[in-house]
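>>> Sequence plus the predicted model coming up.
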Amino acid sequence: MSAADRDARARRADALLRLLPGSAVPGGFAWLDDDGRPTGRDLPLWVTCRMTHCAALGELRGSLASGSLASGSLASGSLASGSLASGALVEHGLDALLGPFHDDRHGGWWAALARDDLTPTATRKEGYGHAFVVLAASSALAAGHDRAQALLAEALAVQEEHFWEEGPGLVRESWDAAWTSGEDYRGANATMHTVEAYLAASDATGDDLWRARAGRMAQRVVDGWARANGWRVPEHFTASWEPLLEHHADAPAHPFRPYGATVGHALEWARLVLAADAALSADGGEGLPWATEAAVALAERAVADGWAVDGAPGFVYTTDWEGRPVVDHRMHWVLAEAVGAAAALAVATDDPVWDRRAQQWWRYADEHLVDHARGSWRHELDARNVPASTTWEGRPDLYHALQACLVRDLPLHPSFATALAVTGREHADR
C-alpha cells in the first residue's frame with residue numbers, strides 16, 4: 001500500500017487513541033456512548049482489559065515518534081488528551097486488574113463491577129474475559145510496565161489451572177466464583193481470543209508453551225471443524241466439544257453467542273491462524289502447513305457469504321449454514337477484522353487482491369463507520385447502513401478498530417505490542 005494509505009491509517013489510529021483518557025474512570029475503563037463519553041453501565045472486565053491493551057499499543061506507538069521507550073508520556077502530545085498519556089493509562093488499567101477486578105479470595109477476575117461502588121455485579125469467571133486479562137498483561141509488559149509481570153504470571157497460572165483442557169487442546173467457557181462448577185457450554189469465541197492471548201503471552205514471556213497451545217486450538221477449530229463445515233466456523237459446543245449448530249436459533253443477534261456462522265469470526269480466525277503459523281515457524285519451527293490454504297478459504301467464504309450480499313455495502317453479522325444472511329446488521333468489528341484478515345493474507349500470499357479489497361473496505365469504513373467528528377467508530381449499522389443499536393448500544397471500546405489501523409504495518413509475528421516494542425527499539429538505535 002502507498003504512503004498515503006499508511007498516513008490515513010495513522011490518522012485513524014490517532015483519533016481513536018484520543019478517546020482513551022476520557023474512558024478512564026475509578027476502577028477501570030467505562031463503556032462509552034456515541035459521543036465517546038463514559039456511560040453509567042457496569043464496568044465489564046473485557047472492556048477494561050481491551051482498553052489497557054489499547055493504551056499499551058498507544059504508548060508503544062508514541063515511542064516511535066519520541067524515540068524513547070522509557071518515557072511514560074508522549075513527547076509530541078499527539079496521542080494524549082487532557083492530563084493522561086498512554087503510559088499513565090496502562091498503569092490505570094493495571095490498578096484495576098490488580099485491584100477491584102481481582103478476586104482476592106478465590107483468584108481470577110470478576111466479569112463486571114458496578115460503576116458506583118466497584119462491587120462485583122457478574123461473579124462468574126469467564127474464559128472470554130480471562131483471555132483479555134492475559135492480553136492486557138502481555139501488552140503492558142511489552143510496553144515496559146513492571147507490575148504487568150506479576151499480573152501476567154497469575155493470569156497464566158489461572159489459565160493452566162482452570163481454563164486449559166489438555167485432552168481436547170481447547171479452553172473451558174466459564175466457572176462459578178469459587179471455581180467449583182463449570183459451565184457445560186463450550187464456545188469458539190472464547191477459544192479464538194485465547195489463541196490471540198496465548199500468542200501475545202508467548203511473545204512477552206519467551207515461553208513457547210503458549211504458542212504451541214495456540215496452534216493446537218487453531219488446528220482443532222479451523223483445520224478440523226471449519227474445514228469439515230465448508231469453512232463456516234461452528235461456534236457453539238457441548239461440554240464434550242460436540243457442535244451445537246442450532247444453538248441460539250431463538251436469539252440470533254446475541255452479542256457473544258449468536259446463532260449460525262459469524263462472518264467476522266471467520267475473518268478473525270484467518271488472521272490468527274496465519275499469526276500462529278508465523279509464530280510456530282519462527283527459528284526454524286514446523287509451523288502450521290495448512291494455515292495459508294485455510295486462511296484463504298475462511299476469508300473467501302466470509303466475503304462470499306457476508307459482503308454486500310443484500311444489495312448494500314457492508315458485511316452482514318451472521319448467516320445460516322447455507323450462507324444465507326440471518327442478522328443483516330453491520331457490526332464495526334466485522335469490518336475491522338476483514339481489514340485485519342486482508343492485511344495478513346496480503347503478507348502470506350503476496351496476492352494484490354487482498355490490498356485491493358482492504359482499500360475497498362476502508363472506503364466503506366470511512367463513509368459509514370468512522371465518526372470523523374468524534375473519532376470513534378459507529379459500532380452497529382442496519383442493513384441500509386443507518387446507525388442502529390439492536391445488538392450494541394454505544395461504542396464500548398477501541399480494540400477492533402485500533403488493531404485494524406495498525407495491522408498492515410506490522411509483521412504476522414510477533415503480536416501487536418511486541419512488534420511495536422521491537423520496532424521502537426530499532427528506531428531508537430538508529
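Cool, the structure landed. Keep in mind that this is a model prediction, so the values were computed, not measured. Numbers count the residues shown, from 1 in each chain.
>>> make it CA atoms for all contacts and neighbour counts henceforth
Will do.
>>> Going toward the C-terminus from the helix or strand that contains residue 272, what's the next helix or strand?
Using DSSP states H and E, residue 272 sits within helix 263-281. Downstream of helix 263-281, the first helix or strand assigned by DSSP H and E is helix 291-306.
>>> Just the angle for that next one relative to helix 263-281, thanks.
Using axes from the mean of the first three to the mean of the last three CA atoms, to 10 degrees, the inter-axis angle of helix 291-306 relative to helix 263-281 is 170 degrees.
>>> any idea which helix or strand comes after helix 291-306?
strand 318-319.
>>> tell me the mean pLDDT for that next one?
Averaging pLDDT along strand 318-319 gives 98.
>>> Residues touching that strand, excluding its own?
With contacts defined as CA atoms under 8 Å, 6 or more residues apart in numbering, strand 318-319 is touched by 252, 258-263, 305-306, 325-328.
>>> Relative to it, what are the paired strands and their orientations?
strand 261-262 (antiparallel), strand 325-327 (antiparallel) (DSSP bridges).
>>> List of residues touching the first one?
Outside strand 261-262, the residues within contact range by CA under 8 Å, 6+ apart are 232-235, 317-321, 323.
>>> and the gap between the closest residue to residue 382 other than its chain neighbours and residue 154?
Nearest non-adjacent residue to residue 382, counting by CA to CA, 6 or more residues apart in numbering: residue 329, 4.4 Å away. Distance of residue 329 to residue 154, given as CA to CA, to the nearest Å: 39 Å.
>>> quick one: which of those two has more around it?
Set side by side, residue 329 and residue 154 show more neighbours around residue 329, with 25 against 17, by other CA atoms under 10 Å.
>>> what residues are up against the more buried one?
Shown in contact with residue 329 (CA under 8 Å, 6+ apart): 315-317, 380-383, 385.
>>> so which of these is the most crowded?
The most crowded member of those, judged by other CA under 10 Å, is residue 316 (31 neighbours).
>>> where does the helix or strand containing residue 13 sit relative to the chain's centre, distance-wise?
Assigned by DSSP H and E, residue 13 falls within helix 3-17. Centroid separation for helix 3-17 versus its chain: 19 Å, with CA atoms, centre = their mean, to the nearest Å.
>>> How about stretch 382-391?
How far stretch 382-391 lies from its chain's middle: 22 Å, per CA atoms, centre = their mean.
>>> ok, now stretch 24-43?
The answer for stretch 24-43 is 19 Å, by CA atoms, centre = their mean.
>>> Can you give me the end-to-end span of that stretch?
Termini of stretch 24-43 sit 11 Å apart (CA to CA).
>>> Name the surrounding residues that touch it.
19, 22-23, 44, 47-48, 51, 89, 92-93, 95-97, 99-101, 112-115, 118, 121, 374, 376, 378, 393-397.
>>> Only alpha carbons, please: show the host helix or strand of residue 97 as CSV.
Using DSSP H and E, residue 97 sits within helix 86-98. Taking C-alpha atoms only, helix 86-98 is exported to CSV below (Å, rounded to 0.1, in the frame of the first residue of the first chain):
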residue,chain,number,x,y,z
SER,A,86,-0.9,6.3,27.3
GLY,A,87,1.7,5.2,29.9
ALA,A,88,-0.4,6.5,32.7
LEU,A,89,-3.5,4.8,31.2
VAL,A,90,-1.7,1.5,31.2
GLU,A,91,-0.9,2.0,34.9
HIS,A,92,-4.6,2.8,35.5
GLY,A,93,-5.6,-0.4,33.8
LEU,A,94,-3.1,-2.4,35.9
ASP,A,95,-4.5,-0.7,39.0
ALA,A,96,-7.9,-2.0,38.1
LEU,A,97,-6.8,-5.6,37.2
LEU,A,98,-4.6,-5.9,40.3
